[in-house]
Every structure is written in C-alpha cells, then in structure tokens.
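*Asks:* with the sequence up front, the predicted model follows.
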Amino acid sequence: MKYVIVGGVAGGASAAARLRRLNEDAEIVLFEKGEHISYANCGLPYYIGNTIEERKKLFVQTPVSFGNRYDVDVRTLNEVTAIHRDRKVVAVKNLHNGKEYEERYDVLLLSPGALPVVPPVPGVDLPNIFTLRNVADCDRIKAQAVQLLEEQAEAVIVGGGFIGLEMAENLQKIGYKVTIVEKAPHILTPLDWPMAAIVQQHLSEKGVRVLAGNGLAAFEERDSKLHVILEDGTSLPCQLAILSIGVRPNVQLAREAGLAIGEAGGISVNQYLQTSDESIYAVGDAIEFPHPVTGKPYCNFLAGPANLQARIVAMNMAYPESTPYMGSVATAIAKVFDLTAASTGLSEAALQRAGISFQTVIVHPAAHATYYPGGSPMSLKLNFSPEDGQVLGAQAVGKMNVDKQIDAISLLLKHKGTIYDLIYSEHAYAPPYASAKSPVMFAGMVAENIMAHLMNPIQAADLDQLIDSGEEFQLLDVREIKEFKSGTIQGAENYPVDELREFLEDIPQDKKTVVFCEVGLRGYVASRILMQSGFENVYNLIGGMRTYRLVGKHNVKPQ
C-alpha cells in the first residue's frame with residue numbers, strides 16, 4: 001500500500017507518523033512545498049517577541065529526523081501541483097531544481113492548510129506589510145522588525161483576533177508602540193462584547209491602542225513611512241504592518257481535481273474524513289465539517305482539531321470507515337499580557353446567525369478560594385438553551401485557571417451536555433487551586449435558577465434599552481451605601497440587600513423592578529426577597545456592575 005500525503009505541518013506530519021505506527025510495511029511519501037515540516041506555528045509570535053529565544057525550538061522534527069524515525073520519504077520544497085484521479089497520480093514540481101514529475105498513490109491525503117486573507121486594497125503590496133502563517137513569514141517579520149526598530153517605532157496590527165493580539169503583545173515587548181485595527185465592533189469576535197470589553201480595557205491599560213469598528217481602506221507610502229489608511233480617513237503612520245484579518249481554506253488543488261467543495265468553502269468530507277473521491281482524504285484548515293452544536297458545515301482553523309483529525313484519518317486510511325470524527329467546537333485560548341482569554345462553542349452572534357434561541361449568564365467568581373493568597377477574579381459567560389439547558393458556548397477571561405473552565409465546558413459541548421451536567425460535575429478542589437464551587441458549577445447554578453424561573457435575567461444592553469425607552473420602572477442598587485456612592489447606574493436608588501426587608505413597604509410593587517449588585521449574587525438574593533413578597537415583575541442584572549461598568553451606557557460617576 002502506498003500513501004501519499006500533501007502538506008507536512010500539523011495534519012500531514014501527524015498522519016504520516018500514525019500511519020507508520022499502524023503499518024510498518026506501507027510506503028509513505030510526504031510532500032511539503034515549504035522548507036520545514038512539523039513546526040510549532042502557534043509559537044511563531046513568541047519567537048518574534050523573544051519569549052522563545054532559540055529558533056530551533058520551533059521545530060518538533062526536521063525532515064531528516066522525521067524521515068529516519070518513521071521511515072517516511074519526506075520531500076520538502078516539492079509542491080504538488082495537480083491530482084490526476086483517473087490515473088491515481090499527483091504532479092509534483094521540485095522547487096530545488098524546477099523539474100516536474102509524477103508520483104503514484106493508492107491512498108492520498110490532503111493537508112494543504114489555509115491561506116491568509118489579503119484584502120484587495122490599494123498599496124497592499126508595499127514593503128513592510130506582512131502576514132504570519134509559516135516559518136518563512138516569521139523570519140521575514142523578525143528580521144524587518146529588528147531592522148526598522150527605532151525610538152518611538154510604531155506597528156499596526158490589522159485584525160483583532162487571537163493571533164493579532166498575540167502579535168501586538170510580542171511587538172510591544174521588543175519595543176514597538178502598537179495599534180490594533182478591527183473592522184468589527186470589537187476585538188476577539190469569538191467572544192461576546194461583555195467578555196471582549198475586559199480584554200480591550202486591559203490592552204488600553206498596557207498602552208496598546210485599539211480602533212474597533214473601523215476597517216482598512218488602503219496603504220500609502222509617505223515621507224519614507226508606511227501609512228495605514230482606515231475607512232473613516234484616519235492615517236496611521238508606522239514602520240511595519242501585520243495583516244491578521246483571518247485565513248481561508250486552501251482548496252485550489254482539490255477544486256482543480258474536481259473534488260467537492262462545501263458551502264462553507266472548505267473541502268467537503270464525510271465522517272471518516274473522506275472526500276468525494278473514496279481514495280482521497282483531507283484534514284486540517286482546508287476542510288469543512290458539521291458543527292457539533294448547529295449541525296451546519298463550517299471551517300475551523302485550529303491546531304488541536306487538525307492533530308486529532310490526523311490521528312483519525314490515519315486509522316481510516318489504514319482501516320476504512322473504522323473511526324468517525326465528531327467535529328470541533330472551536331475551543332481557543334490566547335495570552336494577552338496579564339490576562340488569558342478563551343472561548344468554546346458559539347457566541348451570541350453565531351447563535352443568532354444560526355437561528356438558535358439562547359439565554360446567557362455572566363458570573364465573576366474567584367479563580368481559587370478567596371482566603372488563600374494570590375487569587376484573582378475571572379469572568380465567565382455561558383450561553384445555553386432556554387428549552388432544555390443544553391450548553392451552547394462559553395467564554396472566560398482572567399489571570400488564572402481560565403483554561404481549566406473552558407476545557408471542562410468544551411468536553412460537555414462535544415457530548416451535548418447541559419447546565420445540569422455543569423452543576424453535577426466534579427472538580428479537584430484545594431484552596432490553592434479552586435473553590436469548593438468551581439466557576440463552571442457556579443455558572444450552571446445561575447443558569448438553573450433562570451431555567452427554574454427563580455430569577456428573571458436582564459442583560460446590560462437590555463437595561464440600556466429599557467432606560468432609553470422611557471418606560472416606567474424602578475432600579476434598585478442593593479449594594480452597600482459606600483459602593484453605591486462609588487458609582488451606580490442612572491436612576492438607581494440604594495436599598496442594601498441586608499436591609500431590604502425593612503423597606504419593602506416603601507417600594508412600589510406594581511412597577512417593573514430591576515435590581516443589581518456588584519457581580520449578581522446579592523442581586524439574586526434581593527430578587528428572591530422581592531419575588532416572594534408580592535413583587536411580580538422583578539429582574540436581576542446579569543454580571544452586575546462589574547459587567548455594566550465596561551459595556552453599559554448609563555454609568556453615574558461617584559457621588
């Protein structure tokens with residue numbers, strides 16, 4: 001049996017290694033048009049920022065070491081230019097010498113990855129504009145970044161996704177003043193605004209300027225400087241610019257071979273990662289696959305799923321239709337200076353696009369027991385189905401233990417778990433590591449209160465709409481008086497929760513009532529008091545003042 005693999009990074013190299021472990025007698029040929037295979041592309045920003053000091057640490061294997069260990073015929077700088085399915089051969093161009101030749105296969109695997117999105121704007125071909133997808137890109141950026149670095153040197157990152165933010169931190173680390181430009185209303189679009197706002201504020205505190213809701217219009221070269229021109233006419237002079245707008249599946253080879261391309265733009269595969277040709281499989285950034293929550297095809301550009309697909313596809317190439325792939329819920333994480341931001345599943349925007357009804361909670365629990373020194377709060381947002389409590393997505397931002405919470409929810413998402421699974425989940429607990437009620441459990445409990453109609457939630461944006469509408473309602477700040485005086489919401493009256501029962505006769509029962517506290521817990525207690533005392537139209541502000549300060553429009557300054 002002869003296996004030919006196109007692409008030698010996460011998907012291709014991992015599949016080749018797995019195939020060899022499954023079949024010692026198979027002939028395996030691995031083509032990679034670049035110079036390197038099996039490198040840590042997720043580590044590239046950190047090499048640029050000197051967090052990773054030695055370039056060689058980016059390489060998990062060299063072509064020689066990989067070939068020797070797994071007995072694989074590794075051919076770097078060899079580009080597969082065509083697939084002739086009728087003859088089961090691929091056309092190859094040797095980039096060392098320009099010669100072209102053909103290679104026969106019994107089973108073919110495509111792992112061509114994705115291509116960076118380069119917008120067709122004027123000046124995009126000017127010098128010192130870069131994308132970052134591979135080691136060669138990384139080397140060019142690092143060399144130019146060092147060469148162009150001068151006092152008050154500036155860099156512009158176009159695109160505020162996970163990679164863009166990692167690049168912003170690392171360019172600032174080596175001396176650049178950084179501006180992030182994002183066309184969407186806020187950075188980190190996999191996160192909903194209440195979570196992204198925390199990161200955006202942190203970036204501002206660290207000296208990174210964020211210009212959201214303002215897209216790229218053009219590049220110009222003036223006075224020996226590159227200028228990034230935005231849609232509103234703003235001109236940002238800089239030494240270098242990084243395009244981090246996103247990527248698209250690299251499907252050209254597959255399309256020219258007549259393989260089916262799906263509605264999301266990726267190579268269409270079945271549950272065994274088999275293309276429309278039974279002898280050809282595909283994995284990684286180039287494929288599309290039904291989302292486990294929506295059931296609709298989508299493309300996922302993450303290294304973790306690509307590596308898992310590689311293991312599964314090797315099984316299916318060796319033993320056809322033996323191991324199905326479940327899909328990916330797009331679990332992602334990034335370090336942003338002192339914060340960690342992570343997400344899994346679907347955001348509010350994605351749920352709205354998919355036409356899926358949802359409810360959401362925001363909690364601000366401690367990362368570990370509050371009495372143990374060194375802790376810090378995190379913010380966790382949970383999106384779930386109001387019909388059956390199925391978990392639909394989650395996001396978290398904080399300084400520690402963020403990955404633990406998102407990983408737990410990600411596992412539930414893959415198995416269509418519910419908020420009740422969150423409540424009854426069991427977590428390792430000791431004061432240095434966690435609280436007796438983990439953030440995941442706590443979020444599930446708040447969601448259960450909503451499902452059980454023990455609490456009516458209101459989001460910050462909905463409260464703003466209520467205030468703007470002029471509808472008559474009463475707003476109760478149930479924090480302590482000193483907290484109330486430190487700043488509240490327009491129109492709020494202060495009734496501390498511990499004294500609330502004493503004032504029930506003074507508060508009209510026939511009005512819509514919105515209560516809030518700092519994070520939501522005291523607001524819940526207050527709403528239960530009111531709801532059991534004859535108040536029928538009571539709402540608790542989700543996330544409390546901690547969320548509203550960041551995203552609300554009607555903050556009142558300290559009194």
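*Replies:* Looks like it arrived, so ask away.
*Asks:* pretty sure residue 312 sits against residue 270.
*Replies:* No: with contact defined as C-beta atoms under 8 Å, residue 312 does not count as touching residue 270 (12.0 Å). Quick note: C-beta positions are derived from backbone N, CA and C, even for glycine.
*Asks:* among the two, which residue is more densely surrounded?
*Replies:* residue 312 (22 against 15; other C-beta atoms under 10 Å).
*Asks:* where does this structure dip in pLDDT?
*Replies:* 559 (pLDDT under 70).
*Asks:* what's the burial count for residue 197?
*Replies:* Residue 197 has 21 neighbouring residues, counting by other C-beta under 10 Å.
*Asks:* for it, give its distance to residue 483.
*Replies:* For residue 197, the distance to residue 483 equals 21 Å [C-beta to C-beta, to the nearest Å].
*Asks:* kindly report the same for residue 434.
*Replies:* When distance is defined by C-beta to C-beta, residue 434 is 27 Å away from residue 483.
*Asks:* and these two? Which one has more around it.
*Replies:* Set residue 434 next to residue 483 and count neighbours by other C-beta under 10 Å: residue 434 wins out with 23 against 17.
*Asks:* residue contacts, that one?
*Replies:* Residue 434 is in contact with 367, 368, 369, 401, 427, 428, counting by C-beta atoms under 8 Å, 6 or more residues apart in numbering.
*Asks:* what residues of stretch 548-559 count as buried?
*Replies:* 548, 549, 550, 551, 552, 554 (16 or more other C-beta atoms under 10 Å).
*Asks:* so the fifth one touches residue 487, yeah?
*Replies:* What it means is residue 552. No: using C-beta under 8 Å, residue 552 is not in contact with residue 487; the gap is 11.0 Å.
*Asks:* which parts of the stretch 351-500 of the chain are strands?
*Replies:* Secondary structure of the stretch 351-500 of the chain by DSSP state E, counting those that start in this stretch: the strands cover 359-363, 378-384, 391-398, 457-458, 473-477, 488-489, 492-494.
*Asks:* pairing partners for the third one, with directions?
*Replies:* If I follow you right, that is strand 391-398. Strand 391-398 pairs in its sheet with strand 339-345 (antiparallel), strand 378-384 (antiparallel), by DSSP bridges.
*Asks:* where's residue 217, which helix or strand?
*Replies:* strand 216-222 (DSSP states H and E).
*Asks:* same question but for residue 156, I mixed them up
*Replies:* strand 154-158.
*Asks:* check which element follows that strand along the chain.
*Replies:* Going down the chain from strand 154-158, the next helix or strand is helix 162-173, by DSSP H and E.
*Asks:* next structured bit after that following helix?
*Replies:* Trace forward from helix 162-173 with DSSP H and E and the next one is strand 177-182.
*Asks:* packing partners of that following strand?
*Replies:* Packing partners of strand 177-182 (3 or more C-beta pairs under 8 Å, 6 or more residues apart in numbering; DSSP states H and E): strand 154-158, helix 162-173, strand 209-212, strand 235-238.
*Asks:* mind redoing it with 10 Å?
*Replies:* Contacts defined by 3 or more C-beta pairs under 10 Å, 6 or more residues apart in numbering; DSSP states H and E place strand 177-182 against strand 154-158, helix 162-173, helix 193-205, strand 209-212, strand 225-230, strand 235-238, strand 240-243.
*Asks:* CA atoms of the last one as PDB?
*Replies:* I take that to be strand 240-243. Extracted in PDB, the C-alpha atoms of strand 240-243 (Å, rounded to 0.1, in the frame of the first residue of the first chain):
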ATOM      1  CA  LEU A 240       5.500  47.900   9.800                       C
ATOM      2  CA  ALA A 241       2.000  46.400   9.500                       C
ATOM      3  CA  ILE A 242       0.800  42.900  10.200                       C
ATOM      4  CA  LEU A 243      -2.300  41.600   8.300                       C
END
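*Asks:* quick one on the thing from earlier: so what sits against both of residue 552 and residue 487?
*Replies:* Counting by C-beta atoms under 10 Å, 6 or more residues apart in numbering, the contacts common to residue 552 and residue 487 are residue 545.
*Asks:* just give me the residue right at the centre of the chain.
*Replies:* The centroid of the chain falls nearest to residue 332 when counting by C-alpha atoms, centre = their mean (4.2 Å).
*Asks:* quick check: phi and psi at it.
*Replies:* For residue 332, the backbone dihedrals (degrees, to the nearest 10) come out as phi -140, psi 150.
*Asks:* quick one: contacts for it?
*Replies:* Each residue near residue 332 by C-beta under 10 Å, 6+ apart is listed here: 161-162, 188, 190-191, 300-304, 341-344, 395, 406, 410.
*Asks:* on that earlier part again, rebuild the strands of the stretch 351-500 of the chain as CSV, extending it with mean neighbour count and distance to residue 150.
*Replies:* Formatted as CSV, these follow (neighbours: other C-beta atoms under 10 Å; distance: least, C-beta to C-beta, whole Å):
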stretch, mean neighbour count, distance to residue 150
strand 359-363, 24, 43
strand 378-384, 25, 38
strand 391-398, 28, 34
strand 457-458, 20, 51
strand 473-477, 21, 51
strand 488-489, 22, 47
strand 492-494, 17, 51
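*Asks:* out of those strands, which comes closest to residue 123?
*Replies:* Ranking the strands of the stretch 351-500 of the chain by distance to residue 123, with C-beta to C-beta as the measure, places strand 391-398 first at 35.3 Å.
*Asks:* for the protein, give the helix that spans the most residues.
*Replies:* helix 303-318 (DSSP state H).
*Asks:* tabulate the strands of the stretch 351-500 of the chain (TSV), appending distance to residue 126.
*Replies:* Formatted as TSV, the strands of the stretch 351-500 of the chain follow (distance: least, C-beta to C-beta, whole Å):
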stretch	distance to residue 126
strand 359-363	43
strand 378-384	40
strand 391-398	36
strand 457-458	49
strand 473-477	53
strand 488-489	48
strand 492-494	52
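*Asks:* out of those, which is closest to residue 296?
*Replies:* Nearest to residue 296 among those is strand 391-398 (13.6 Å), distances taken as C-beta to C-beta.
*Asks:* now the angle from that closest one to helix 193-205?
*Replies:* Counting by axes from the mean of the first three to the mean of the last three C-alpha atoms, to 10 degrees, strand 391-398 points 20 degrees away from the direction of helix 193-205.
*Asks:* can I get stretch 174-191 as PDB, trimmed to CA atoms?
*Replies:* Taking Å, rounded to 0.1, in the frame of the first residue of the first chain, the C-alpha atoms of stretch 174-191 are listed here in PDB:
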ATOM      1  CA  ILE A 174      10.500  44.200  21.600                       C
ATOM      2  CA  GLY A 175       9.900  48.000  21.600                       C
ATOM      3  CA  TYR A 176       7.100  48.900  19.300                       C
ATOM      4  CA  LYS A 177       4.100  51.100  20.100                       C
ATOM      5  CA  VAL A 178       1.200  49.100  18.800                       C
ATOM      6  CA  THR A 179      -2.200  49.900  17.400                       C
ATOM      7  CA  ILE A 180      -4.800  47.300  16.600                       C
ATOM      8  CA  VAL A 181      -7.300  48.000  13.900                       C
ATOM      9  CA  GLU A 182     -10.500  45.900  13.800                       C
ATOM     10  CA  LYS A 183     -13.400  46.300  11.400                       C
ATOM     11  CA  ALA A 184     -15.900  44.500  13.600                       C
ATOM     12  CA  PRO A 185     -17.500  46.500  16.500                       C
ATOM     13  CA  HIS A 186     -15.000  44.900  19.000                       C
ATOM     14  CA  ILE A 187     -11.900  42.800  19.100                       C
ATOM     15  CA  LEU A 188     -12.000  39.000  19.600                       C
ATOM     16  CA  THR A 189     -15.200  38.300  17.800                       C
ATOM     17  CA  PRO A 190     -15.400  34.700  19.100                       C
ATOM     18  CA  LEU A 191     -16.100  36.400  22.400                       C
END
